[in-house]
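A.B. asks: can you look at this prediction? I've put the sequence above it.
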Amino acid sequence: MPLADGAPATAQQTNGVDDAPVLEVEGLETVFDTRDGAVHAVNGVSFHLRPGELLGVVGESGSGKSVTMMSALQLLPSPPARRTGGMVRFRGQDVDAMTPKAMRRLRGGEIGFVFQDPMTSLNPVFTVGFQIMEPLRKHLRLSKPEARKRAAELLAMVGIPSPEARLNDYPHQFSGGMRQRVMIAIALACEPGVVIADEPTTALDVTIQAQIIELVKDLRQRLGAAIVWITHDLGVIAGIADRVAVMYAGRIVEEGPVLEIFEDPRHPYTRALLETMPHLEGDRPQRLRTIPGQPPVLMETPVACSFAPRCPHAFDKCLAADPRLEPCGAAGHRVACWWTPPEAETEVPA
Amino acid sequence: MSDAAALDAPRAAPTAETLLRVQNLSVHFPIHKGLLRRQVGAVQAVDEVSFDVLKGETLGLVGESGCGKSTTGRAILRLTPITQGRVILDGEDITHIEGETLRQRRRKMQMIFQDPQASLNPRMNVSGIISEPLVEHRSLSRKQMQERVYELMDAVGLRRSFANRYPHEFSGGQRQRIGIARALALDPGFIVCDEPIAALDVSIQAQVVNLLEELQQRLGLTYLFISHDLSMVRHMATRVAVMYLGRMVELAPREKLYSVPRHPYTQALLSAVPEPDPRREATRQRIILTGDVPSPANPPSGCRFRTRCPHAFDRCAVETPAFRKLSDGHFAACHLSE
Amino acid sequence: MLTYTLRRLAFAVPALLAISFIIFAILDLAPSDPTAQLPLTIPPEVREKIRLSLGLGEPFAVRYWKWLIQFFVNEPLNLIEQWTGWSFGDGDRLRVLSWQTRSPVVDLIAQRMPQTLWVVGMSYVLGALIAIPIGVISAYRQYSWFDQFGTLFSMVGFSIPTFFTGLLFIVIFSVNLEWFPSIYDTTHEVTDWESFVFQIKQMIMPTMVLGLYNASQISRFMRASMLDNLGQDYVRTARAKGMTEKVVVLVHVMRNSLIPVVTVLALNLPQVFGGAIITEQIFKVNGLGQLLIGAIEGGDIPTVQTLTFIFAVLIVLFNLIADLLYGILDPRIRYD
Amino acid sequence: ERGADGQLNIIYWQAVSILNPFLSGGTKDVEGSSLVLEPLARYDETGTMVPWLVDVIPSLENGGVSEDLKSITWKLKPGIKWSDGTDFTAEDVAFTAAYCMDESGGCQQVAAFTDVESVEVIDPLTVKVNFAVAKPFPYGPFVGAQSPIIQKAQFADCMGAKAPECTDANFGPNGTGPYVVSEFKPNDVVVFAPNPHYRDAAKPAFSTVVFKGGGDAAAAARSVLETGEFDYAWNLQVEPEILTQMAAAGKGTVVSAFGTSVERIHTNFSNPDPALGDARSTLEGGKHPFLTDPAVTKALSLAIDREILVEAGYGAAGQVTCNVLPAPEIYNSTNNDWCKTPDVDEANRLLDEAGYEMGSDGVRAKDGVRLSILFQTSTNSVRQGTQALLKQMWQEIGVETELRNISASVFFGGDPSSPDTFQKFYADLEMYTNNFDGTDPEAYMASWRCSEIPSPKTNWLGANMPRFCSEEYDALVAEMAGTAELEKRAELAIKMNDMLMESGAIIPLIHRGGVSAHAVTLEGVKMNEWDSELWNIADWTRAE
Amino acid sequence: MTDQPIPAGGATPAGGPALVAAPAMPKHRSQWSDVWRQFASHRGALAGMAVFLFIILLCTLGAFIHDVDPQKLDIRAKNQLMSWEHPLGTDNLGRDMLAQIIAGGQVSLAVGVTAMLLSLLVGTLIGVLSGYFRRLDGPLMRFTDLFLALPLLPLLLVIIMLFRDMLRTAFGPESGIFILIVFVIGITSWMQTARIVRGDVLALKEREFVLAAKSIGTPSRRIILRHILPNVLSPIMVSATLGVANAIITESALSFLGLGFPSDFPTWGRLLYDGANFMTLTPDRVIWPGLAISLTVLSVNYIGDGLRDALDPRIRGR
Ligand SMILES: Nc1ncnc2c1ncn2[C@@H]1O[C@H](COP(=O)(O)OP(=O)(O)OP(=O)(O)O)[C@@H](O)[C@H]1O
Ligand SMILES: Nc1ncnc2c1ncn2[C@@H]1O[C@H](COP(=O)(O)OP(=O)(O)OP(=O)(O)O)[C@@H](O)[C@H]1O
Ligand SMILES: [Mg+2]
Ligand SMILES: [Mg+2]
Ligand code: NI
């Protein structure tokens, strides 16, 4: 349990009673047992989510973003997935200690999910109406007509025209963007306190993505749910997140308020990520900055900084010991790196 | 970086010479229906598209999914039947050539594919994949072949020792390099890059894009760079063409397109691209398009964009806007910009 | 959907005509002889006369044409008359006559239908009923001991010929234990509880033998289909919605997994009518399979032709049904 | 008492197809219908003719047969009724003849009516059969299970071409026998009920007879001997050890009876060499390279240990025989009994003497002609076993054998286009069983006349498979046709039999009997090979 | 702290920008060794393989070790149970069962393998052609449907009756019926393979590597040979194993219906059928052939199962 003694997320920012985190994850570790050995997909991830907040989680493919969320809510099939450590609390309650029944109420009832691929995440053989009504009837115990009415309202809310009629349609009769809206409607059906959106716009076109982002912004204002938004597109995060967590090789390497991350990135990986992206405006560099090498294969628990082999600033300590997420810079900004950017050297960790 | 010097060299400037000319290109896929399987319509994947590609330049082709970018690229390479129009490569009309002539012309034009996993035969090793074009077109001795394969691997930055590995043993970026090496094998002048980076991670994308740029410089290649990533197109392309639902809506030199987009669709597209800058994002005014892209099998009358266009008016429904020149090198198809 | 169905039907007609011709021609070429079963004491001249009296003297085309008329016009008209009580013409139509029994083949088939449907159909139902839960559990608990055992069971079931299991069952259950009769009584009628029990008893062995064989195949299929679907994204969605495992597996996954299984079941259904020749033979069920094999052995060509052709019709029909079922069960499929 | 003994279950593993024996020559169909239809006279278990629907059997002595041997007059028993209650009369008898003799009817028992010129009704109880030629043995028509009487009233509209269309009548004939059909599923099962008008008010004993078909002989045997589900099973051609083992269960008894069936090998006197093309296996193709040599055939016969064949394949159902005509007793020759004791040495000596020298491969040859034999028979496990044994026995005398078996339906099918029929005989030896109906061998022995040789000209019809041709033999046949006296007839028959044996045209193997099994509780069974096995079913009863 | 680069990034190959192989990149192994590794990790498949090899060895080498003529009759030693002289007993004509099972196995396995090869050949050919060439698709699939709609059993019986003699005269009694049975089983079982292959080819045809080959100018023939066929290998291999099992079972059913090989030409199916009536008298006669059939089919099925897993790149994974 490498991070058991890490600064507990709750100890930060005490802006009031209301701000008690709805979801806390501490030192989460998850392993996949494969034929070639164990894959350490998540290595001690801790974060928290306050009510009404939008936490953006970024990182490249395979960095463990999805697994973290699904593992926290026990949505991973086991085998091959195995939780090897960590603690998850929802509104102060230990999720792992919950009965299966309470667990089910939690999922769908209090935590909504929106998945990446709207094409495959809906069951093709049931009508959209049925799939929206399912959690309503189960968690809110609505009668059929009530559930139907509510389902239509939900569809209307996510901006699908003539919702009543479309309840009887099957997923394949919707376009990708509309299916993603349906997924959002399902996630929001029981007015959950937390919504976890796993790359909800990656499969969509930019113009449709913009629609969905606007929709989410709008809904967030109206419903006040806390959202975890997973993506690998820093641009999307920049537009909507309150706080950002950057993941690399199964751990969070940097975390902080969105402005901090984009304007004062501390981790070399975050910096590199920001620099490799071309921009729509401003200067056009001759060559894009690259990050040499590839992400590590997560076959064993890392003892050193996983980024060290690709890091331009790596030095001996990086290879010897694994940095922990430590506060740095402005309030709420934490980074896991032994190296301090030159301009930040003078700042003293809070 | 070891090759920092190369980076400073000026980019190969496009000459005014036209390498490829596409005239009124249409690709329609017939739809058969009913008891007798009669053709009742067609998916108008590409409709009346015209443009030129100059020697040594990179023409970016952007648009939403399904707007016909890939189909255009494939039609140019004669990989999909052309319904109408002409494709002229290096002064030769290749629209209707067949058989051996076509096979010979293929040496001049190659393609790099979107999905590096799917575009490599999983049962062939790297040297097999890279040497396939050589086997088909050159009669080289085994040794020469081997040498050429190594050369190509060097060129795209693959270790020679990888020659006997299979595609599944590589990462996405490396696979894309294999695909690029295959495309380069016959020294083509013209390469269609069909979303070569869409399936890659951000950190890997940059590697591939840099490689493509470097090869262009070294070998004087001409690219048709298909992408839906507007930022990347801005980085790569000399000129940019925007497609919507099978039609070309705007074509302009890069700077002009990004600074003064003339077509409402281009404007909406540009405004929809999220920027990794929270301050700018917070203040940015987005043009949010309503509704979905209509089906290319049943496109709207007149201007195809009118169903989602915030500025649409009556004329848009009845009259198809011509693709006309607005200023030097800037073309658009919109009634508003007359 | 409608035009699709019509299209398929439109294709079915020429296909069936082609099949009928192939069947007729091949069987006509066959060197089997209706008088073959007669004792050797019957002199050749008499045999020749018998052959002529069976209509064998006419040329091939005439016989084919006659058969077509008999099969496609006369027999359907008779059926309609029987069902509705109407009458067309004088009702004195030439029917397809069996050489062995000198009675209309269609009547023979109608007579055989009940036991075939009871035994073979039951075994099919039984097979599906056993197989589907096994497939579901095997897939859900992949690589568990249950799965391993289920795999073994289905493979063993598949790899032992039915004539062997059938005989083994008879030796064990009829001869040694005397639990069940070894010979199926086709005249038995269920009138009360006791006779019902008897009916069950006499059906158990043939049904089991066939049912196990069917089950072994269906369960493999079901398992594969379940495994495919368990890995789909929508399963995760259902779980994330807080559905119970029961609902996830039995509603969401099952419904999808059954689509290919149901169509395969429909595709294989004609086999039920074809009868399980070997099993019928062993337990003396005397259904359609036994009729067919008897007719082949006895050189009763009209019966073989008619039966074979009816099977072909059924196969074509159930192919169509399977396609339509697919369309009905899977809303994604739209044939138009 | 009629109907007092409950249900009788009979299993015939070949199912009954039709209950009109005139439209089917199959034994199963004849036997199945024999519960209902009866002849005027029939044979008992000893082969003796007994009056059945008449009081006495007409003969020369009692004047029933005319002096010129050209007519026979039957006097029906009075008071016999059909199962529908009407009277049984001479009209029915005459009708039956007319029915079967109708050219277009395809009557399969027409052989019984050979040479019949007319059948006259003298009075309601007297009927006279006129023959075109002198018939020393006039008991063909209306005698035995193959020639029963059908009811005129029922079949009057079913003459000629219409015969097959009378399905109701063909499936449920009215009869004078002890039972009537109550349900019939063709090729599956027949259910019989007692005939309410049967002449003996106390018979039959069973209230129902279920006559089931299907499966195989072993299963039928099992159902009687082991599981006791059935009371009577017919024709149990099963390996003897299996029968013995099954019988050990004690539920049933195996019974056998011998008729005229002989399992024999026919020798091909003509040349079956495929190179001959159309002339293959015909007289035109020339003689067989070595089988016409009696030394060879005698050696083949001597090398056979027939006891082993009986033991291996027949058990109770077989006896060693050296004659093709082993029964009835008066026709049985004793001149060939040398074959009963196998003698390999003698056989070898015979071959040596005839100049067939043993080759290095263990096969004898003379003048380049190797003693290599293609031996065909119909597919059947006992026959295949016998074939294999014979192959081995002949190996001992330097004869090489290639075995071949052909599906019975093809082999006996007589299809002129098939090369595999027993008539075409495209092989050197062929093995099967044949017999004759009734007790008179005249027609049977006539099979080996020259004119009976199958050839393309006769469309391969004819019964003389060995292609045996001898004027002397033909003369004997003609002589027998004119002889009425029994002893004299027997003498002629034995002479013919011996001629066949000496020439080597036929190598008889086994005198085959029928084997059946019945439950121990079933009484009255008198196994009969001369007539229907169920001939006396009226007398069958259930033991307490 | 120092901005000190570390050499972990590895050397940059000359002439190209840096690209570093991940340190954990597995050592190079060929694809087949990968398949084998995966196959070997499937316990059932491995056991199946072992059993199948054992059976093959038994049937080929067994005849040299136990060199008794399977056709030798010894009527005095009939119906014997297991003994030293006759390890698996004898049949009712005194033939040695072990020798017969060995001889029968040769035939049964040969029938299974050749029939499978034939049906694969036809199935693959038709599947590939109709999947790859759009124009052939309609006719070929209708043809396949027609075959599927033909009630095969009666036709099969008729074919056997029809052609037995022709082949017998042409190839001799044993090879003749062998060819016939193989042919009959082969041509009645290719349809599934054809459909599966066609489906796979249709999907493969849309894969970009086929497009890539086309853009290179590779002619169709070579695209099929080089790109399509190797990639439909896995369904073909799986069909192959099922085909062997199916052919062995079908052959035994034909024997049951009396249409198989002649009785002096033992196959497992034939032995089992002939022995069925002796089940209680000499159980050896059914146990051994029954076991041989079942074990073979079972082991082949398990091999198929293992192959399916091993050849599935999704499972074989990285
Ligand atoms: N079923 C599995 N078996 C083995 N390893 C797995 C499995 N699922 C995920 N992994 C591994 O876990 C790691 C984290 O995967 P995860 O899906 O969380 O990545 P991600 O950050 O969500 O990436 P993406 O952006 O592609 O969705 C990866 O290295 C992946 O290979
Ligand atoms: N072979 C085909 N048959 C029928 N329709 C086709 C075919 N290929 C493409 N289309 C249709 O043509 C249209 C254009 O497809 P195309 O692949 O060119 O789009 P694209 O712009 O490349 O999209 P993406 O960004 O998703 O790759 C789409 O609507 C597609 O469905
Ligand atoms: Mg993910
Ligand atoms: Mg595309
Ligand atoms: Ni570092």
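C.D. replies: That came through fine. Computed from a predicted model, the values in this text were never measured in an experiment. Ligands and ions are numbered 1, 2, ... in the order given.

A.B. asks: for the stretch 151-300 of chain B, which residue gets nearest to chain E?
C.D. replies: In the stretch 151-300 of chain B, no residue comes nearer to chain E than residue B:157, which is 2.7 Å away by CB to the nearest CB. To be clear about C-beta, it is placed using only N, CA and C from the backbone, and glycine gets the same treatment.

A.B. asks: list the contacts of residue 223.
C.D. replies: Went with chain A since none was named. Residue A:223 sits next to A:188, A:191 when contact means CB atoms under 8 Å, 6 or more residues apart in numbering or on different chains.

A.B. asks: to clarify, I was referring to chain E.
C.D. replies: E:132, E:210, E:213, E:214.

A.B. asks: looking at the residues you listed, which one is closest to chain A?
C.D. replies: residue E:210 (23.5 Å).

A.B. asks: element containing the residue in the stretch 51-200 of chain A positioned nearest to chain D, please.
C.D. replies: For the stretch 51-200 of chain A and chain D, the shortest gap (CB to the nearest CB) falls at residue A:125, measuring 45.2 Å. According to DSSP states H and E, residue A:125 maps onto no helix or strand at all.

A.B. asks: so the closest residue to it other than its chain neighbours: helix, strand or coil?
C.D. replies: Excluding its sequence neighbours, the residue lying closest to residue A:125 (CB to CB, 6 or more residues apart in numbering or on different chains) is residue C:255, at 5.2 Å. What DSSP: H, G, I helix; E, B strand; the rest coil gives for residue C:255 is helix.

A.B. asks: just residue E:177 next, same as before
C.D. replies: Classification of residue E:177 using three-state DSSP returns helix.

A.B. asks: burial check on it, number of neighbours?
C.D. replies: Counted with other CB atoms under 10 Å in any protein chain shown, residues neighbouring residue E:177 total 21.

A.B. asks: so it sits against residue E:267, correct?
C.D. replies: No: with contact defined as CB atoms under 8 Å, residue E:177 does not reach residue E:267; the gap is 10.3 Å.

A.B. asks: list the residues that contact both of those two?
C.D. replies: By CB under 8 Å, 6+ apart, residue E:177 and residue E:267 have these common neighbours: E:260, E:261.

A.B. asks: now the residue positioned nearest the centre of chain D: how far from residue D:441?
C.D. replies: Centroid check for chain D by CA atoms, centre = their mean gives residue D:435 as the closest residue, at 4.2 Å. Distance of residue D:435 to residue D:441, computed by CB to CB, to the nearest Å: 10 Å.

A.B. asks: overlap in contacts, these two.
C.D. replies: residue D:260.

A.B. asks: quick check: bridge partners of the most centrally placed residue in chain B?
C.D. replies: Geometric centre of chain B, nearest residue: residue B:226, 2.5 Å, by CA atoms, centre = their mean. Going by DSSP bridges, residue B:226 is paired in beta bridges with residue B:61, residue B:194.

A.B. asks: could you look up the SS state of the residue in chain D sticking out farthest from the centre?
C.D. replies: Taking CA atoms, centre = their mean, the residue of chain D most remote from its mean C-alpha position is residue D:360, at 44.0 Å. Here residue D:360 is recorded as coil under three-state DSSP.

A.B. asks: which strands or helices does the helix or strand where residue E:286 lies pack on?
C.D. replies: In this structure, residue E:286 sits in helix E:284-311 according to DSSP H and E. Contact analysis of helix E:284-311 by 3 or more CB pairs under 8 Å, 6 or more residues apart in numbering or on different chains; DSSP states H and E lists helix C:145-159, helix C:162-169, helix E:31-40, helix E:43-65, helix E:97-132, helix E:233-256, helix E:268-275, helix E:313-316 as its packing neighbours.

A.B. asks: okay, and residue 83 sits in which element?
C.D. replies: Chain wasn't specified; assuming chain A. With DSSP H and E as the test, residue A:83 turns up in strand A:81-90.

A.B. asks: which residues touch the one helix or strand residue B:134 maps to?
C.D. replies: Taking DSSP H and E as the definition, residue B:134 sits inside helix B:126-137. With contact meaning CB under 8 Å, 6+ apart, helix B:126-137 is reached by B:103, B:107, B:110, B:120-121, B:124, B:140, B:145-146, B:148-149, B:152-153, B:158, B:162-167, B:178, B:181-182, B:185-186, E:213, E:216-218, E:222, E:226.

A.B. asks: how about a cut-off of 7 Å?
C.D. replies: Applying CB atoms under 7 Å, 6 or more residues apart in numbering or on different chains, the contact partners of helix B:126-137 are B:107, B:120-121, B:140, B:145, B:148-149, B:152-153, B:162-165, B:178, B:181-182, B:185-186, E:213, E:216-218.

A.B. asks: buried ones from these, can you make that a PyMOL selection?
C.D. replies: Selection of buried members from the contacts of helix B:126-137 for PyMOL, criterion 16 or more other CB atoms under 10 Å in any protein chain shown:
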select buried, (chain B and resi 107+120+121+145+148+149+152+153+162+163+165+178+181+182+185+186) or (chain E and resi 213+216+217+218)
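
A.B. asks: what about the helices in the stretch 151-300 of chain C?
C.D. replies: C:162-169, C:193-230, C:233-240, C:245-246, C:254-274, C:277-283, C:288-297 (DSSP state H, counting those that start in this stretch).

A.B. asks: how about the stretch 201-338 of chain B?
C.D. replies: Taking DSSP H, counting those that start in this stretch as the test, the helices found in the stretch 201-338 of chain B are B:202-219, B:230-236, B:254-259, B:264-272, B:278-283, B:314-318.

A.B. asks: would you format these as a markdown table with mean neighbour count included?
C.D. replies: Formatted as a markdown table, the helices of the stretch 201-338 of chain B follow (neighbours: other CB atoms under 10 Å in any protein chain shown):
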| stretch | mean neighbour count |
| --- | --- |
| helix B:202-219 | 22 |
| helix B:230-236 | 23 |
| helix B:254-259 | 18 |
| helix B:264-272 | 23 |
| helix B:278-283 | 15 |
| helix B:314-318 | 14 |
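
A.B. asks: can you tell me which of these the model trusts least?
C.D. replies: Here those differ in mean pLDDT, and the lowest is helix B:278-283 at a mean of 82.
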